[in-house]
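**Q** test case, fold it:
(2 chains)
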Amino acid sequence: MGSRSRLIALRSVAVLLPVLAGSGAAALFLQYSSAAGLTVYAYLSAALLALSTAWLAWGAGLSLIGLWPARRATVAAQPIRGKTALLMPVCNEDPAATFARVAAMMEALHDAPARIDFAILSDSSRPEVIAGEAYWFNRLMAETGGEGRLFYRRRSQNTGRKAGNIADFFRRSGGAYDFALILDADSLMEAESILEMIRRMEAEPRLGLLQTLPVVVRAQSIFGRAMQFAAGFYSPVFARGLARLQGAAGPFWGHNAIVRTAAWAGSCGLPELDGPPPFGGHILSHDIVEAALLARAGWIVRLDPDLGGSYEEGPENLIEHAKRDRRWCQGNLQHSRVIGAAGLPGWSRMSLGLGIMAYIAPVFWGGFLISSLLDRANLPPPDYFPDPHQFFPVFPSDETAKAIGLAIGIVGLLIMPKLLIVIEAAMGGRLRQFGRPASVVLSSVLDLALSSVIAPILMAFQTRSVLQVLRGADGGWPANRRGEARLTLMEAFEACHFMVTVGLLGLVASWYWIPALLPWLLPVLGPMILSPVLIAWTSRSAAGSAVFGMPEERALPPILARHDAILARWGQTSGAALGTGAQPGRGTADA
Amino acid sequence: MNIEVLSERDAEAVILPIPAAAALPDAPLAMPTQRLEAPQALTVLRGLFGAARRTVNH
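**A** Okay, the predicted model is just below:
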């Protein structure tokens, strides 16, 4: 089978599986509901269930497609000819932690057989951060002797935010480089990975963008470590599935990716959308749009999940996660303005649509629950004697088995991918990198339990975000606070009291009107009511635990060790006033 | 963030000058703005939900 035929076959399977699963779930639900009589709410519930199940099946399909290991696509170690700029956009980050990352990568690439410059692109506005950046830049320059290959530029206006920051670099200096490695303020990459990326770009002249799969590192809280484990253990398989499906119209996740400067400059000048935010103005989730624009111009956009040595950090508690998600939600819903743009490849439109669906799906689940309750509450009383002349009563047929079958099917779609990935990791030897098999299995079970408990909380946050965006509320671009994980019960309550209220109202209403459904609703309402406790508890430190262990904790990657050593050195010799508060092994950044 | 907050005047006093050699290379590259037409359906959707703007922060 040729590569194009294989791509068509894979995409057909990936699309058909959700269609079949969604239709099957809706049919089962209608059969179950018909026993007591079909109301308009039953049809609405069936439609919402079909969409929600299809979304779950899409994820399951992605994991199935990614189960088979890929061959490592190395290219011959040709001498590197092109010139590369490593771009580190920053905006009010801890300068010591951020600049130490640049120092670590400069050190690692010191003897590299390639011309690589480093540009720190600052959008910072806080006076103390600007002062810190100036101090640490001078220190960095003095320590590395980086004159001529280390640059710093600060914009007084952060027009277009991160995308505008990068575009400003291309407009001013892009002509000096063949490639640009775009990072985030919390990114770290091994020297060999950077060189391999440049080689792959040089080996394929049609390649416009090459994305790596960054591994989340240095999480310390219960929530952060669980997310880190899930991303490290499961994501490689999902990413392989995504890479196989997307082909040449691959993803861009905004950082830890290399681009061809000519392709980027020619294709990725983002317009400002007319009208006010949240749907107008600057494009918030710019990365997926830039990937689509590159593909539209005929450039290959590729995700190579086999490229290792690519790291980032993640949010340490649910509130920080929800803040970031609010921004992504607004950005992805804004893509409804872009999805119809002329000339985009079909699969790029699909990617934009899937990004929107990622935030609409929780609303569908919430809608399904509400609609199902309304359905039960509006059912006519059973008529045991539809014929007035009959002697014996007619009981409605018992369709409980269909409801149980439906529940098993949906839970199966949730669990099956993770179970298959555990088996894949065990058979392929990947599991051992995460620790003892028993610890990894325990981590997987706890991840499943934790993700089930926090799913209703995330659903509530996402539903609120979607409703806010649809109402026209602009969430702005609040900075993440990654160094401060621990939350008090009161801080957690302040952020989630709305879902406590909704959960309690739901509990009282269902207990009063439809007590029979209470056991089915408790797994959703319970976590919502207890959300302050869960959010505060999962923000507690779990550093050093064997549960949710990562390969990077068993053997610290060289680039992380370099970063730690530099931070330790800088912390010993400088005061705390200019941003040396960051501890080794702990970063605080997000551009 | 672990950065101690300085007053603007304090910050100005401690800001070190950035060396001239740190300026980005002068090598402009044209980056034309791309066209991304908005579909009409969105206008209808926005109309349905109103257009009141507020800023929300968690």
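**Q** check contacts around A:Ala47.
**A** A:Ala26 (Cβ atoms under 8 Å, 6 or more residues apart in numbering or on different chains). Bear in mind the C-beta positions are built from the backbone N, C-alpha and C, glycine included.
**Q** wait, a helix at it?
**A** Yes: assessed with DSSP: H, G, I helix; E, B strand; the rest coil, A:Ala47 lies in a helix.
**Q** measure it to A:Leu369 for me?
**A** 14 Å (Cβ to Cβ, to the nearest Å).
**Q** swap in A:Arg302?
**A** A:Arg302 sits 40 Å away from A:Leu369, going by Cβ to Cβ.
**Q** mean confidence score for stretch A:309-328?
**A** Throughout stretch A:309-328, pLDDT has a mean value of 95.
**Q** from one end of it to the other, what's the distance?
**A** 26 Å (Cα to Cα, to the nearest Å).
**Q** now that stretch: how far from the chain's centre is it?
**A** From the chain centre to the centre of stretch A:309-328 is a distance of 8 Å (Cα atoms, centre = their mean, to the nearest Å).
**Q** kindly report the same for stretch A:424-439.
**A** 24 Å.
**Q** same check on stretch A:336-351?
**A** 20 Å.
**Q** same check on stretch A:352-369?
**A** 15 Å.
**Q** what sits up against it?
**A** Contacting residues not belonging to stretch A:352-369 are listed as A:44-45, A:48-49, A:51-52, A:55, A:58, A:285, A:288-289, A:292, A:328-329, A:332-333, A:335-336, A:338-339, A:344, A:458-460, A:462-463, A:465-467, A:521, A:524 [Cβ under 8 Å, 6+ apart].
**Q** A:Leu303 against A:Pro251, yeah?
**A** Yes: if you go by Cβ atoms under 8 Å, A:Leu303 and A:Pro251 touch, sitting 5.6 Å apart.
**Q** give me the common contacts of these two.
**A** With Cβ under 8 Å, 6+ apart as the test, A:Leu303 and A:Pro251 both reach A:Gln211, A:Leu242.
**Q** quick revisit: among the contacts of stretch A:352-369, which are in helices?
**A** By the criterion of DSSP state H, membership of those in helices covers A:44-45, A:48-49, A:51-52, A:55, A:58, A:288-289, A:292, A:328-329, A:332-333, A:458-460, A:462-463, A:465-467, A:521, A:524.
**Q** check those residues for burial and list the buried ones.
**A** Using 16 or more other Cβ atoms under 10 Å in any protein chain shown as the burial test, the ones in helices among the contacts of stretch A:352-369 include A:44-45, A:48-49, A:51-52, A:55, A:58, A:288-289, A:292, A:328-329, A:332-333, A:458-460, A:462-463, A:465-466, A:521, A:524 as buried.
**Q** just checking: which of these also lie near chain B?
**A** A:Val289 (Cβ under 8 Å from any Cβ of the partner chain).
**Q** what's the helix or strand of chain A with the lowest mean pLDDT packed up against?
**A** Using mean pLDDT, DSSP states H and E, strand A:473-474 stands out as the lowest-scoring helix or strand of chain A, at a mean of 82. If contacts are counted by 3 or more Cβ pairs under 8 Å, 6 or more residues apart in numbering or on different chains; DSSP states H and E, strand A:473-474 sits against strand B:54-55.
**Q** grab the nearest non-local neighbour of A:Arg171.
**A** In space, A:Arg171 comes closest to B:Met31 once its chain neighbours are excluded; the distance is 5.2 Å by Cβ to Cβ, 6 or more residues apart in numbering or on different chains.
**Q** what's the burial count for the one you found?
**A** Using other Cβ atoms under 10 Å in any protein chain shown, B:Met31 is surrounded by 19 other residues.
**Q** and A:Met528, by the same measure?
**A** 22.
**Q** is it true that it touches A:Ala460?
**A** Yes: using Cβ under 8 Å, A:Met528 is in contact with A:Ala460, at 5.9 Å.
**Q** shared neighbours of the two, anything?
**A** Residues touching both A:Met528 and A:Ala460 (Cβ under 8 Å, 6+ apart) are A:Met499, A:Val502.
**Q** got a list of what A:Met105 touches?
**A** So A:Met105 contacts A:Leu86, A:Phe118, A:Leu188, A:Met189, A:Ala191, A:Ile194, A:Ile559 (Cβ under 8 Å, 6+ apart).
**Q** how much space between it and A:Trp537?
**A** 36 Å.
**Q** one more: A:Glu196?
**A** As defined by Cβ to Cβ, A:Glu196 lies at a distance of 41 Å from A:Trp537.
**Q** on the three-state scheme, the residue lying farthest from the centre of chain A is what?
**A** In chain A, the greatest distance from the average C-alpha position (Cα atoms, centre = their mean) is reached by A:His389, at 63.1 Å. With three-state DSSP as the basis, A:His389 sits in coil.
**Q** what does it show for phi and psi?
**A** phi -100, psi 0 (degrees, to the nearest 10).
**Q** neighbours around A:Ala27, how many?
**A** 14.
**Q** can I assume it sits in a helix?
**A** Yes: counting by three-state DSSP, A:Ala27 is part of a helix.
**Q** and it, what pLDDT?
**A** pLDDT, A:Ala27: 95.
**Q** returning to that earlier point: farthest pair within the contacts of A:Met105?
**A** For those, the maximum inter-member distance is 14.2 Å, found between A:Phe118 and A:Ile559 (Cβ to Cβ).
**Q** how about A:Ile360, phi and psi?
**A** Main-chain torsions, A:Ile360, degrees, to the nearest 10: phi -80, psi -30.
**Q** could you check how far it is from chain B?
**A** Distance, A:Ile360 to chain B, by Cβ to the nearest Cβ, to the nearest Å: 12 Å.
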